[in-house]
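Participant: My questions are about this predicted structure, shown below with the sequence.
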Amino acid sequence: MTSAPPRQNLGSRARSLLRSALDEYADSPQAAGWLRHHLDRFDEPLRLAIAGKVKAGKSTLLNALVGEEIAATDAGECTRVVTWYSDGPSPRIVLHPREGEPRQLRTRRGEHGGLVVDLDGTPPETVDRLTVDWPSSGLRTTALIDTPGIASLTADAAGRAGEFLTPDEAPGQADAVLYLMRHLHAADARFLESFHDRHVARATPVNTVAVLSRADEIGVGRLDALLSARRIAERYRTDEKLSTLCQTVVAVAGLLALTGRTLRQDEYLALRGLAAVDRSVTEGLLLSADRFVTPPPSLSAALPDSVGAEVRAALLARLGVFGVRTSLSLLRQDPSTDAAALAAALVARSGLDELRTVLDTQFTERRDLLKARSALLAVELVVRREPRAGSRALAGEIEKVFAGAHEFAELRLLSALRSRTVTLSPEAREEAERLVGGAGSRTAVRLGLDPEADAGACRVAAVEALGRWRKRASSPLSDRATADACGVVVRSCEGMLVSLTSP
């Protein structure tokens, strides 16, 4: 088997194709504007939309990712509008109506410093989107987009979410989607199927990660609730149908994550006060949310004045039963735990760190691929809607990129491996997924090494992997599909060796 030629940069090919299309359609204001918009998108932060059914915890998780309360979490009018959150020098909210000019809204903070968004009497159905600038390091590389609930009771809100995420024919405005679900219901599967990219990556879930949100509620607030949720997420990850619709599934307790990242001193002191109460009393309180706020007199009498009903209600709203129980357990295990240590422990237990790692490996590291995907779809749409003399050549170039770019070949193989359409042993399938970037695109991660492994260790591992997969590719026992799949892995190994030996 001959070595693969040096890889061409997919992002450069997509940019070049956009510029060629701009030259071809320079006399069409609509087409040229559309293409220029997608060329500009290459230099913008990654666009990550957060989607899911009503009450899936979208805004709560967005706030947890940012580390501040900037998205409305109640059922108010703002949750019925697509809202973009980007890093900016100062807080600013702009309303973009469906008709008319954008206008800036008043910016104000709530009691605890969070952003309050008020449509100022504008009916939500007349709003195209809100854009919110907020100074945040968490928004510098990724713009977050909060969407109305899928399958919303309000048909208009659900329609706006569908229109934004899965527009007819045109590529969506988001580069990637974080889809939240409490369990896998029929509506969730239908949405994932509708968002599934059947063309660019030939049926690969390159741009979707699913989150088993509100994971603490699965175990009815028990201390082992998140363990149960993680087992369910693992089962979903290996489900043959779901694995073809999203990259992976992660369990996250969004409320716990948000409160951990924004824990206040008064909340910490209230939790310390509860932790000092006899365990039998607090266990009696935590039998239900109602009982925690309005306990029977026998339990209420055992509580200090510092944790009265109003304080307990506030703790319940911020932490839920699971979060309160977890906090008390942590404080009792180590009475010297301060507010910062408690906050860090809550975040660690919430699953947020795992989700952020997944977003980094599946989306941030694949930024150029996701941007190129959007760009190629944009050019394809123009070519299809406004055919002209140069359209056939552009369409041919698009197909060449789809068929020839190794990044897309890797994605097609990932889909085939996860849907079990390629015959490999479980061990070989797991290694193949990793080598083509299923666990992340960094070389050390692909090779199964520590992420900080040096180039020498990576070269040794890459040479060993290349030898194994060349043998599989040339084995007379391999059918054509398996040999082709092994060939893709071989090219991935060769590409890693090239990158490791390049100056």
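Facilitator: Received, thanks. Numbering: from 1, shown residues only.

Participant: Tell me the buried residues in stretch 102-121?
Facilitator: For stretch 102-121, the neighbour count (16 or more other Cβ atoms under 10 Å) marks L105, T107, G114, L115, V117, L119 as buried. C-beta coordinates here come from the backbone N, C-alpha and C atoms, glycine included.

Participant: Centre of the chain to that stretch, how far?
Facilitator: Centroid displacement of stretch 102-121 relative to its chain, using Cα atoms, centre = their mean, to the nearest Å, is 26 Å.

Participant: For that stretch, give me every contacting residue.
Facilitator: Outside stretch 102-121, the residues that touch it by Cβ atoms under 8 Å, 6 or more residues apart in numbering are 63, 68-72, 77-78, 81, 83, 91-97, 127, 130, 132, 134, 262, 264.

Participant: and if we set it to 10 Å?
Facilitator: With contact meaning Cβ atoms under 10 Å, 6 or more residues apart in numbering, stretch 102-121 is reached by 63, 68-73, 76-81, 83, 85, 90-97, 122, 126-134, 262, 264, 266-267, 318.

Participant: low pLDDT regions in the stretch 201-350 of the chain?
Facilitator: Within the stretch 201-350 of the chain, the ranges that satisfy pLDDT under 70 run 201-205, 219-221.

Participant: which stretches of it form strands?
Facilitator: Taking DSSP state E, counting those that start in this stretch to define them, one finds strands in the stretch 201-350 of the chain at 208-212, 249-251.

Participant: Redo those as CSV? Include mean neighbour count and distance to S12.
Facilitator: CSV is the format used below for the strands of the stretch 201-350 of the chain (neighbours: other Cβ atoms under 10 Å; distance: least, Cβ to Cβ, whole Å):
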stretch, mean neighbour count, distance to S12
strand 208-212, 24, 26
strand 249-251, 25, 32
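
Participant: quick one: which of those is nearest H38?
Facilitator: For the strands of the stretch 201-350 of the chain, proximity to H38 was assessed by Cβ to Cβ; strand 208-212 is nearest, at 20.2 Å.

Participant: contacting residues for L330?
Facilitator: L271, A275, T337, A341, L342, A345, L346, R349.

Participant: Out of the contacts of stretch 102-121, which end up buried?
Facilitator: Buried members of these, counted by 16+ other Cβ under 10 Å: 63, 68-73, 77-81, 83, 85, 93, 95-96, 122, 127-134, 262, 267, 318.

Participant: ok, L377 touching L35?
Facilitator: No - counting by Cβ atoms under 10 Å, L377 stays clear of L35, with 11.6 Å between them.

Participant: out of those two, which sits in the more crowded spot?
Facilitator: More crowded of L377 and L35, by other Cβ atoms under 10 Å: L35, with 26 against 18.

Participant: Show me what counts as buried in the strand or helix carrying the more buried one.
Facilitator: Using DSSP states H and E, L35 falls within helix 29-41. For helix 29-41, burial by neighbour count (16+ other Cβ under 10 Å) applies to A31, A32, W34, L35, H38, L39, R41.

Participant: on that earlier part again, now, the most widely separated pair of the contacts of L330?
Facilitator: A275 and R349 (16.2 Å).

Participant: Of those two, which one has the most company?
Facilitator: Ranked by neighbour count (other Cβ under 10 Å), A275 and R349 place R349 first, with 22 against 18.

Participant: Spit out the contact partners of that one.
Facilitator: By Cβ under 10 Å, 6+ apart, R349 lies in contact with 216, 223, 226, 253, 256-257, 260, 322-323, 326-327, 329-330.
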